[in-house]
Structures are given as C-alpha cells and as structure tokens.
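Asker: Any chance you could fold what I've pasted below:
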Amino acid sequence: MKTVVALRHVHFEDLGTLAPLLRERGWTIRYIDALLDDFALLDAVTPDLVVILGGPLGACDEAMYPFLTPELEFVRRRLRAGRPILGICLGAQLMARALGAPVHAMKAKEIGFAPLRLSAEGAVSPLAALGATPVLHWHGDQFAVPAGATLLAGTALCPHQAFAIGSKVLGLQFHLEADATQIERWLVGHACELSQAGIDPCALREQAQRHGTALALAARRTVEAWLDSAWP
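Answerer: Numbering: from 1, shown residues only. This next block holds a predicted model:
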C-alpha cells in the first residue's frame with residue numbers, strides 16, 4: 001500500500017477531489033499540520049508521494065511565519081532525493097524556492113475560475129487532460145520557472161502556472177483539487193482577502209457551481225496520468 005503525506009496549511013485547503021482518487025488506488029493518506037508539526041521529526045524521503053498544499057501566506061514570509069524555514073528544508077530534502085512530489089499554489093512556490101527560483105508578487109491577484117494556456121510541452125503532459133476546463137486560481141504571487149524545469153501552462157495574468165522536472169516533480173500554481181461542493185469554506189476562510197481584492201463571493205460561488213463537476217473529472221484524469229507516469 002502506497003502512502004501520501006500531504007502538508008496542509010489551512011484545513012479547508014486539503015486534497016479535495018484528489019483524496020477519493022488516491023484512496024481508490026489503494027493509497028493511505030496522512031496529513032501533516034505544517035504550522036505545528038516538528039519538521040525535524042518528519043521523514044521527507046520514505047513516503048511514496050508528498051503533496052505540499054496551498055495556504056493564504058507567501059512562500060517568502062518566513063520572517064513572519066518561521067515554520068516556513070524548516071518546511072522549505074523539508075521540500076529541499078524531498079527534491080534532492082528525487083522522490084515524487086506535487087506542489088499546489090503555495091506548495092508550488094515553495095518547490096520553486098527550494099529549486100533556487102524566485103517567487104514575487106504579481107500586479108494583481110488572480111482569483112476565480114478560468115482555463116489555462118498549455119505550452120507545447122504541457123499539451124503532451126498529464127495536464128493535457130485539463131484541456132480548456134476552467135481551474136480555480138487563488139493567488140497574488142508567482143514563481144519563476146526553476147532551472148532545469150519545463151513550463152507547462154500559464155494565463156495572461158500569470159504566465160507561470162505549472163512546471164515539471166521529469167515525471168516525478170510537478171508544481172501547479174492553480175488549484176485543480178478544489179472541491180466545488182466545499183467552496184463555502186474557501187469563501188468564508190478567505191473572506192478578508194476577497195473583500196480587499198474587491199471580489200464578489202457570490203460570483204465565485206456561481207462559478208464553482210458551474211465548473212465544479214467538469215473540474216473534478218479533469219483533475220482526476222490529470223492526476224491519474226501523472227501518477228501513472230511517476231510509477232510506470
């Protein structure tokens with residue numbers, strides 16, 4: 001039985017629609033509370049898969065949130081070991097930093113459901129299963145593509161939306177895992193950010209209802225393809 005360790009920063013940003021898929025494939029899921037658990041006691045190498053999930057802080061905010069320093073080292077250890085790792089939003093930014101690439105603020109926040117523009121490489125990657133399906137964007141920072149990585153997708157506002165290194169390292173700026181049936185947790189948990197950005201939660205709720213089913217199906221196909229490539 002394979003094990004996935006998921007580092008979670010806020011409880012409602014979890015594995016979402018990916019959890020049932022992983023369990024169906026016989027995986028055991030273990031969540032780590034990145035804010036409270038002792039990274040010195042965590043094994044970065046043994047788990048079959050590590051997923052670094054999203055959160056409302058920045059990947060460069062370790063001065064304000066010191067736990068990010070040992071978390072970043074945990075990510076570095078995993079990457080050095082060459083073991084499968086998936087980063088989502090904040091997780092992808094931490095992976096980029098661990099690989100030596102900068103993370104910086106964008107001119108505006110990108111929040112809402114919208115499709116990606118796949119690169120030529122992305123169109124023949126597991127992300128091809130997303131096609132034109134709108135995914136959930138919820139970020140104000142952007143990573144640079146790490147040296148040796150391949151850019152897979154972007155948007156007009158954020159050209160760097162996904163990168164890969166081989167078949168075992170995948171960083172996604174967007175949320176393909178978001179469960180539209182749980183969108184109310186996101187809307188309440190990020191209420192202050194939405195207000196500051198001038199975004200109507202009613203509009204996001206409607207988008208989730210309109211695109212949630214298609215996103216869940218496309219996310220399943222994408223992650224199935226990636227898992228099959230990481231464990232041929």
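Asker: what's the helix or strand harbouring residue 112 in contact with?
Answerer: Taking DSSP states H and E as the definition, residue 112 sits inside strand 103-114. With contact meaning CB atoms under 8 Å, 6 or more residues apart in numbering, strand 103-114 is reached by 58-60, 93, 96-97, 134-144, 155, 157-158, 193-194, 197, 199, 203-204, 207-208, 210-211, 215. Every C-beta, even on glycine, is put in place using the N, C-alpha and C of the backbone.
Asker: Mind jotting down where the helices sit in the chain?
Answerer: For the chain, the helices defined by DSSP state H occupy 18-24, 68-81, 90-98, 183-189, 191-197, 201-230.
Asker: The ones you listed: which one's closest to residue 36?
Answerer: Nearest to residue 36 among those is helix 68-81 (11.5 Å), distances taken as CB to CB.
Asker: pull the CA atoms of that closest one into PDB?
Answerer: Extracted in PDB, the C-alpha atoms of helix 68-81 (Å, rounded to 0.1, in the frame of the first residue of the first chain):
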ATOM      1  CA  LEU A  68       8.300  28.100   6.600                       C
ATOM      2  CA  THR A  69      12.000  27.700   7.100                       C
ATOM      3  CA  PRO A  70      12.000  24.100   8.200                       C
ATOM      4  CA  GLU A  71       9.200  23.400   5.700                       C
ATOM      5  CA  LEU A  72      11.300  24.700   2.900                       C
ATOM      6  CA  GLU A  73      14.200  22.500   4.000                       C
ATOM      7  CA  PHE A  74      11.800  19.500   4.100                       C
ATOM      8  CA  VAL A  75      10.900  20.300   0.500                       C
ATOM      9  CA  ARG A  76      14.600  20.500  -0.400                       C
ATOM     10  CA  ARG A  77      15.300  17.100   1.100                       C
ATOM     11  CA  ARG A  78      12.500  15.600  -0.800                       C
ATOM     12  CA  LEU A  79      13.600  17.100  -4.100                       C
ATOM     13  CA  ARG A  80      17.200  16.100  -3.500                       C
ATOM     14  CA  ALA A  81      16.100  12.500  -3.000                       C
END
